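**Q** build me a model from this:
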Amino acid sequence: MPNRLETSLRVVGAKQTLKAIQAEQVERVYLARDADIHVTGPIRRECLCRGITIVEVETMAELGKACSIEVGAAVASVMKST
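**A** As a prediction, this is how the structure comes out:
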């Protein structure tokens with residue numbers, strides 16, 4: 001898991017990530033492979049339409065740990081530098 005999630009400005013969660021994507025603030029999105037497709041599907045489609053890089057992570061637990069949170073995360077994103 002890239003160290004980037006720990007050190008960059010990030011958003012964790014599907015709703016927050018989708019809002020940030022629509023506001024054109026996201027550089028890269030991380031999706032957990034074991035997350036529900038109903039959660040990750042809309043984000044994946046939005047990323048593909050906008051040319052945003054998607055990085056797949058094996059588990060929600062692994063993604064949550066990379067984000068320094070104690071629960072699993074289905075989606076996380078790294079924000080663009082301003």
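
**Q** paired strands for the lengthiest strand in the chain, with orientation please.
**A** Among the segments of the chain that qualify as a strand by DSSP state E, the longest is strand 26-32. Strand 26-32 has the following strand partners under DSSP bridges: strand 53-57 (parallel), strand 75-79 (antiparallel).

**Q** so which residues make contact with that strand?
**A** Identification of contacts with strand 26-32 by C-beta atoms under 8 Å, 6 or more residues apart in numbering yields 4-5, 11, 17, 20-21, 40, 43-44, 47, 52-60, 62-63, 66, 72-81. C-beta here means a position set from N, CA and C on the backbone, and glycine is covered the same way.

**Q** make it 6 Å
**A** 20, 40, 47, 52-57, 59-60, 63, 74-78, 80 (C-beta atoms under 6 Å, 6 or more residues apart in numbering).

**Q** quick one on the thing from earlier: out of the strands paired with strand 26-32, which is the most enclosed?
**A** strand 75-79 (a mean of 23; mean count of other C-beta atoms under 10 Å).

**Q** returning to that earlier point: and D36, which of the strands paired with strand 26-32 is closest to it?
**A** strand 75-79 (10.7 Å; C-beta to C-beta).

**Q** for that closest one, give the mean pLDDT please.
**A** Averaged over strand 75-79, pLDDT sits at 95.

**Q** C-alpha coordinates for it, PDB please?
**A** Output in PDB follows, covering the C-alpha atoms of strand 75-79 (Å, rounded to 0.1, in the frame of the first residue of the first chain):
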ATOM      1  CA  VAL A  75     -13.000   4.100  -0.900                       C
ATOM      2  CA  ALA A  76     -10.300   6.700  -0.300                       C
ATOM      3  CA  SER A  77      -8.900   9.400  -2.500                       C
ATOM      4  CA  VAL A  78      -5.800  11.600  -2.700                       C
ATOM      5  CA  MET A  79      -6.600  15.300  -3.300                       C
END
